[in-house]
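Asker: Quick one, fold the following:
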Amino acid sequence: MIKKEWYECWFDSPYYHVLYKERDEQEAQAFLDNLCTFLNPKKNATVLDVACGKGRHSLYLQKKEFIVTGFDLSPENIEYDLQFENETLSFFKHDMRELFRINYFDFVFNLFSSFGYFEKESDHAKTIYSHASALKPGGILVVDYMNAEKVKTSFVADETREVDGILFRINRRIENNKIIKTIRFNENGEDLEFEEQVRLFSKTDFENYFNQYHLKLLNTFGDYHLGKFDPVSSDRLILIATKA
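Answerer: Numbers count the residues shown, from 1 in each chain. Sure thing, here's the model as predicted:
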């Protein structure tokens, strides 16, 4: 039996959605509003939502009259998303490392740190290449990532969180330039454990990828209000690049 990668197990688990159910939807929508105001996309612009999860970004973007495609590796997520499909919103099960619709999209959005999951460096490079390939010439890539420098100095090592009657015990550590989160809990008398691993990429790391695949960095922001990026204090690393 082939062992599944951590992201295949955790993102496809119902407990992932339980633990993160309290994500701030208003913050996510405000971020998309700010992006759309800044980018000023035309009505019916084609948008790809990478690692779309249960479609919260895709659904909101579609309401803004864009033609939206979301893909995700999780079969459970995509099965859920399919109920929302219509003429301007579609979903697919797809691996972000693989090519998807060449020279097709006006915008590719990779949001909420949906990057850095893989063990091999080549897989991260493939991901950026697939994003660049999906864009039309002159199209825009938006990457919303954690600010690695701030994570290194401010992460909480141990945390306990109760959600829907489940007590999650969370441990964080940095190892081999990755933030590794171990999530343990007991459900129906069974001890369960999952893991998240996300590599700590800097702005320079992304710029190196962009240069390889003919992407030009246009703007860098440090929060969801599109404030100035500061490598020490900013919560996010938001990069906007165009395809040459």
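
Asker: I'd like the distance between the residue lying farthest from the centre of the chain and Phe210.
Answerer: Relative to the mean C-alpha coordinate of the chain, counting by Cα atoms, centre = their mean, the farthest residue is Gly189 (32.6 Å). Using Cβ to Cβ, to the nearest Å, Gly189 is found at 49 Å from Phe210. The way it works is simple: take the backbone N, C-alpha and C, and place the C-beta from them, glycine included.

Asker: Over to Lys228?
Answerer: When Cβ to Cβ is applied, the distance between Lys228 and Phe210 equals 20 Å.

Asker: what about the two, which has more around it?
Answerer: When Lys228 and Phe210 are compared for neighbours, Phe210 comes out ahead with 22 against 10, by other Cβ atoms under 10 Å.

Asker: got the contact list for the helix or strand where the more buried one lies?
Answerer: Taking DSSP states H and E as the definition, one finds Phe210 inside helix 203-212. If you take Cβ atoms under 8 Å, 6 or more residues apart in numbering as the criterion, helix 203-212 is touched by 124-125, 128-129, 143, 145, 215-217, 220, 229, 231, 237, 239, 241.

Asker: again, but for stretch 56-69
Answerer: For stretch 56-69, the external contacting residues (Cβ under 8 Å, 6+ apart) are 25, 28-29, 32, 36, 41, 43-49, 52, 70, 81, 84, 86, 88-92, 101, 105, 107, 109, 111-112.

Asker: and that stretch, how far apart are its ends?
Answerer: Chord length of stretch 56-69, first to last residue, is 12 Å (Cα to Cα, to the nearest Å).

Asker: No further questions, thank you.
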